[in-house]
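**Q** One predicted model, sequence on top.
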Amino acid sequence: MDFGVDTNNQTYINGIKPPMFTRNKVLAIAGAIVAAALLIFAVLYFFPPPKGNFLEPLVSLTSPDAREEVVVNPLTGELYSKDEAREWINVRPLAVMINNHTDARPQAGLVYVDVVYEIVAEGGITRFLAFFHSKIPEKIGPIRSVREYYLVLVKELGDAMLMHIGWSPQALEAIETWPVRSLGRGGAVFWRENPRNVATEHTAYSNGKDLLQRGLELGWDGVEEIDPWAFKDDHTAYESAAAASSVSVDFWYKGDYSAIWEYDPVTNSYKRFLGYDSAGNPVPHIDDVTKEQLKFKNLIVQFAQEQSIDGDDKGRLDYKLVGTGNALIFLDGKVLNSTWDKDERGERTKFYDENGEKIKFNRGKFWISIVPDRNADQVVYQ
């Protein structure tokens, strides 16, 4: 590109004279631009905008460190990114009745649960109602039959889809009339394996992903709101609570179905043991697939009224889980005296401290042992 100047002091570009512009005009415009830039620099230098001004969201939109939308697991209070939660955010929880007979151990899948309820089924033998939401294992079991009082808990946790094999007469009536989303009555697939050479009722397993798929085929898509508990960060609050680093729970008597817990300060969780060996030592409760010992951030012992069912020839039981009662809450290596309250079958059970404030739990998994209130003195901690 060639520049030139004629005798009238006008600038030429490539031999063409631009209309209306002289060299002086060009210089004047350039000077104005420089002056404006200097003014803006001076204003920003001497009067910097406060942090959090309207420019900040624009920066965060393009910043690689921009925060993702946070999704809260309604069962555990744990925080996930939207991408991490995409597989379960719009799916109701999966509940499974899991056998705890000595011939059914070790069980598969419990290491992945979000919430577990443990209650006596009969004869002092406990059974687990396990809720899976954020992680769905491909092997869960052994699976057993359901009792009516477990269904009360299913209804309060998002009207979960429930896998079970068999039922009591009372449970069958509840499944059909409440109703309950029963995978066990809905044709869900399971298989049997018996490497331990035990009775058939201790051999049934199912794939959690297949169970969810069957639920969707039955039209149980979508979610129902779960009333969440309050949560806190680890090792915060309740500093005045009594220490409780070791807990033992004898539902009816001490023995194979006793639950023993040891607090681990490194992970701020309670490691679970189940029953005792021949030397009287607690046996670590492990997952059959991963071989990991079970551990939970929050341990609840809920005391409830237990009673026999009139006219039941199998000696089946009932637990009063609608109403109020006492409870012990173990978290952060401490124990809180608590009360529980549940007004209606579909409502969430709430736990309160001695001041009537809602308990704030740690974000993480829950194990809830429901113990006959007559045996409150068989829950020992130190």
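**A** In hand now; what should we look at?
**Q** only C-alpha atoms for contact and neighbour calcs from this point on.
**A** OK.
**Q** Roughly how far does Thr102 sit from Lys358?
**A** Thr102 is 37 Å from Lys358, where distance means C-alpha to C-alpha, to the nearest Å.
**Q** Sorry, slip of the keys, the one I care about is Gly123.
**A** With distances taken as C-alpha to C-alpha, Gly123 is found 34 Å from Lys358.
**Q** swap in Gly109?
**A** 31 Å.
**Q** and the residue most central in space within the chain, which of the three is it?
**A** Taking C-alpha atoms, centre = their mean, the centroid of the chain lies closest to Thr76, which sits 2.9 Å from it. Three-state call for Thr76 (DSSP: H, G, I helix; E, B strand; the rest coil): coil.
**Q** who's in contact with it?
**A** 114-115, 363-366 (C-alpha atoms under 8 Å, 6 or more residues apart in numbering).
**Q** Asp264 too?
**A** Neighbours of Asp264 in contact, by C-alpha under 8 Å, 6+ apart: 245, 270-271, 333.
**Q** cool, Lys358 as well?
**A** Residues in contact with Lys358 (C-alpha under 8 Å, 6+ apart) are 230, 350-352.
**Q** and if we set it to 10 Å?
**A** 229-231, 338-340, 350-352 (C-alpha atoms under 10 Å, 6 or more residues apart in numbering).
**Q** Check what pLDDT it gets.
**A** Lys358 carries a pLDDT score of 97 in this model.
**Q** where's it relative to Lys365, distance?
**A** In this view, Lys358 and Lys365 are 18 Å apart by C-alpha to C-alpha.
**Q** now the helices: where do they sit in this protein?
**A** 23-46, 56-62, 148-156, 169-177, 208-217 (DSSP state H).
**Q** Could you tell me the least trusted of these?
**A** Set side by side, the helices of the chain differ in mean pLDDT, and helix 56-62 is lowest with a mean of 30.
**Q** Just to check, Arg147 is in contact with Leu162?
**A** No - using C-alpha atoms under 10 Å, Arg147 is not in contact with Leu162; the gap is 11.9 Å.
**Q** So for those two, which residue has more residues nearby?
**A** Leu162 (27 against 23; other C-alpha atoms under 10 Å).
**Q** Now the more buried one: closest residue in space, sequence neighbours ignored.
**A** Distances taken as C-alpha to C-alpha, 6 or more residues apart in numbering put Ala95 closest to Leu162, at 4.6 Å, once the chain neighbours are dropped.
**Q** my guess is that neighbour contacts Gly141, does it?
**A** No - applying C-alpha under 10 Å as the test, Ala95 and Gly141 come out as separate, 11.6 Å apart.
**Q** Which neighbours do these two have in common?
**A** Residues touching both Ala95 and Gly141 comprise 164, 208, with contact defined as C-alpha under 10 Å, 6+ apart.
**Q** For ChimeraX, what selects the buried ones among the contacts of Lys358?
**A** Of these, the buried ones go into a single ChimeraX selection, burial set by 16 or more other C-alpha atoms under 10 Å:
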select :229,231,338,339,340,350,351,352
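**Q** Adding pLDDT and distance to Pro169, write the contacts of Lys358 out as TSV.
**A** Listed next are the contacts of Lys358 as TSV, based on pLDDT from 0 to 100; distance: C-alpha to C-alpha, whole Å:
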residue	pLDDT	distance to Pro169
Trp229	97	33
Ala230	97	36
Phe231	97	38
Ser338	98	34
Thr339	98	31
Trp340	98	28
Lys350	98	29
Phe351	98	31
Tyr352	98	34
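**Q** In CSV, list the contacts of Lys358 along with distance to Asp210.
**A** Listed next are those as CSV, based on distance: C-alpha to C-alpha, whole Å:
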residue, distance to Asp210
Trp229, 29
Ala230, 32
Phe231, 32
Ser338, 39
Thr339, 38
Trp340, 35
Lys350, 32
Phe351, 34
Tyr352, 38
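**Q** Narrow the contacts of Lys358 to those in strands?
**A** Here DSSP state E is the test, and the contacts of Lys358 give 230-231, 338-340, 350-352 as lying in strands.
**Q** Good, wrapping up.
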